[in-house]
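Undergrad: my questions are about this predicted structure, shown below with the sequence.
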Amino acid sequence: MQAVILTAGEGTRMRPLTLTRPKTMLPVAGKPILKYSVDALRDNGVHDIVMITGYHEEAVRSHFGDGSGSGVNITYVRQEERLGTAHAIGQASELIDDEFIVLNGDIITDPGLMGDLIGSYHERKPETLMVLREVPDPTSFGVVKVEGDRVREIIEKPGPDAGAGNLINTGIYVFSPAVFDYIERTPLSSRGEYEITDTIMMQVRDDLPVRAIISDRDWIDVGRPWELLEASERLMKDLEDSVEGDVEDGVTIHGPVAIGEGTIIRSGTYIQGPVYIGRNCDIGPNSYLRAHTCIGDGVSIGNAVEVKNSIIMDGTNINHLSYVGDSVIGMNCNIAAGTNIANLRFDDGPVRMVVKDDVVETGRRKLGAVFGDGVKTGINSSFNPGVKVGKDSCIGAGCVISRDVPSDRLVILRQEHTTIEYR
């Protein structure tokens, strides 16, 4: 069986993190979101993968290459215009010989789900097979109505009083090659896109066997910045100890910790696992890394720095006497000495964040900041819970940031000074 992974989109709800990479290449528990799908397919015998790329495709290609490093064979097809999921899948038509799996590259699933899917398809041999799951609130998803295991209707983001049920579409399918004929006849949706759910409903109306399996295996939809932290928290619970770097005398480690090759953990550092640390990092002395922290490659964390439950991407420096709590920090940032990123509101309420110009309740009591790539902070700068700073922006010394800062901005604190003689 072959597979098609959709990884052409940007992920605008993830900005500013996706200004420099597709959402599928954001790190969760030490590897890109997309890598989880590749590994799950490989572990279930699917080695021939077509990736539909587009936005910042170079990030995908440079990481995966021909797939040999991941034990698979990857072919790339660029979707020049992002015209919807059906259009994206249709780009692979010349490379597909038989039935094939389709999945969105921005979801993380239990690898066992792929095995369930393949086994169910071979047992039932439908025209199309969908994976569904039951959720308490389906209003943000496509809801699927079934009779037995046959799909009867797909309703996109129904209202709370629609009576549509609570079985949602996970975006994981198996199709026969006949689906390409239906894709060619799929009309534009009201959103101006060619939707694969419309394609499937054409099959349903033609009374083709479109079936579903309902799975309760892990399925993580990572769509907004704080969901990166939630995904890391879930996945790092199974982290295994692995120390390939150099741990000096005087380092204290509790719980599972993975430390990459070429990394040095300096004396006096206290690590409370699970914590993931990449390659060629310099940590300490006297740093405090708290549970569910995930540190990329080439990161420097200085003296007396505390990092709690955060994702720190490649090449970032966090200098001495700083605190980073429940935050996502992009690549090649420089966090100056004495920077404080707060993660708790005064009223102890859930933190809000602006997503695509809307203020959204994150549901998290503790949530810090989100920095795009290349952000620089000045000494003794502070950031309120839930703020975002765009790529390559610089925050001057002593600034207190309580609102989002766009990309490529310089924020400076201006103070009046009075100088008097005192002798």
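TA: Done, it's in.

Undergrad: from residue 245, how far off is residue 399?
TA: 35 Å (CB to CB, to the nearest Å). C-betas here are computed from N, CA, C, even on glycine.

Undergrad: can you check residue 378 too?
TA: Counting by CB to CB - residue 378 and residue 245 are separated by 31 Å.

Undergrad: again with residue 2
TA: Distance from residue 2 to residue 245, by CB to CB: 39 Å.

Undergrad: name the residues of stretch 189-206 that come out as buried.
TA: 193, 194, 195, 196, 197, 198, 199, 200, 201, 202, 203, 204 (16 or more other CB atoms under 10 Å).

Undergrad: which one among those residues gets closest to residue 365?
TA: Distance to residue 365 across the buried residues of stretch 189-206 (CB to CB) is lowest for residue 197, with 35.3 Å.

Undergrad: give me the element that closest one is part of.
TA: Assigning secondary structure by DSSP states H and E places residue 197 in helix 196-205.

Undergrad: so which elements touch the next helix or strand after that helix?
TA: Proceeding N to C from helix 196-205, the next assigned helix or strand is strand 210-214, under DSSP H and E. Counting by 3 or more CB pairs under 8 Å, 6 or more residues apart in numbering; DSSP states H and E, the packing neighbours recorded for strand 210-214 are helix 111-124, strand 128-134, strand 150-156, helix 196-205.

Undergrad: got the CA positions of the third one in PDB?
TA: Pointing back at strand 150-156 there. What follows is strand 150-156, C-alpha atoms only, in PDB (Å, rounded to 0.1, in the frame of the first residue of the first chain):
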ATOM      1  CA  ARG A 150     -21.500   3.000   6.100                       C
ATOM      2  CA  VAL A 151     -21.000   6.800   5.800                       C
ATOM      3  CA  ARG A 152     -24.200   8.700   5.000                       C
ATOM      4  CA  GLU A 153     -23.400  12.300   5.500                       C
ATOM      5  CA  ILE A 154     -20.500  14.700   6.300                       C
ATOM      6  CA  ILE A 155     -21.300  18.000   8.000                       C
ATOM      7  CA  GLU A 156     -18.600  20.600   8.300                       C
END
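
Undergrad: check which helices and strands that strand sits against.
TA: By 3+ CB pairs under 8 Å, 6+ apart, strand 150-156 packs against strand 142-147, helix 196-205, strand 210-214.

Undergrad: relative to residue 225, which of these is closest?
TA: Here strand 142-147 is closest among the helices and strands packed on strand 150-156 (CB to CB), at 22.9 Å.

Undergrad: and the angle from that closest one to helix 196-205?
TA: Orientation note: strand 142-147 sits at an angle of 20 degrees relative to helix 196-205 (axes from the mean of the first three to the mean of the last three CA atoms, to 10 degrees).

Undergrad: what's the least confident stretch among the helices and strands packed on strand 210-214?
TA: Between these, the one with the least mean pLDDT is strand 150-156; it has a mean of 85.

Undergrad: relative orientation of whatever helix or strand comes next after it and strand 142-147 in degrees?
TA: Beyond strand 150-156 on the C-terminal side, the first helix or strand identified by DSSP H and E is strand 167-175. Angle of strand 167-175 versus strand 142-147, following the same axes, to 10 degrees, is 80 degrees.

Undergrad: mean confidence score for strand 167-175?
TA: Here the average pLDDT along strand 167-175 is 91.

Undergrad: how about it: buried residues?
TA: 167, 168, 169, 170, 171, 172, 173, 174, 175.

Undergrad: so who does the nearest residue to residue 241 once chain neighbours are set aside touch?
TA: In this structure, residue 241 finds its nearest non-sequential neighbour in residue 256, 5.1 Å apart by CB to CB, 6 or more residues apart in numbering. Contact analysis of residue 256 by CB atoms under 8 Å, 6 or more residues apart in numbering lists 239, 240, 241, 273, 274, 275.

Undergrad: dump the residues you listed to TSV, plus neighbour count, secondary structure and distance to residue 364.
TA: Putting the contacts of residue 256 into TSV (neighbours: other CB atoms under 10 Å; DSSP: H, G, I helix; E, B strand; the rest coil; distance: CB to CB, whole Å) gives the following:
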residue	neighbour count	secondary structure	distance to residue 364
239	20	coil	21
240	8	coil	27
241	12	coil	28
273	19	coil	21
274	23	coil	19
275	25	strand	20
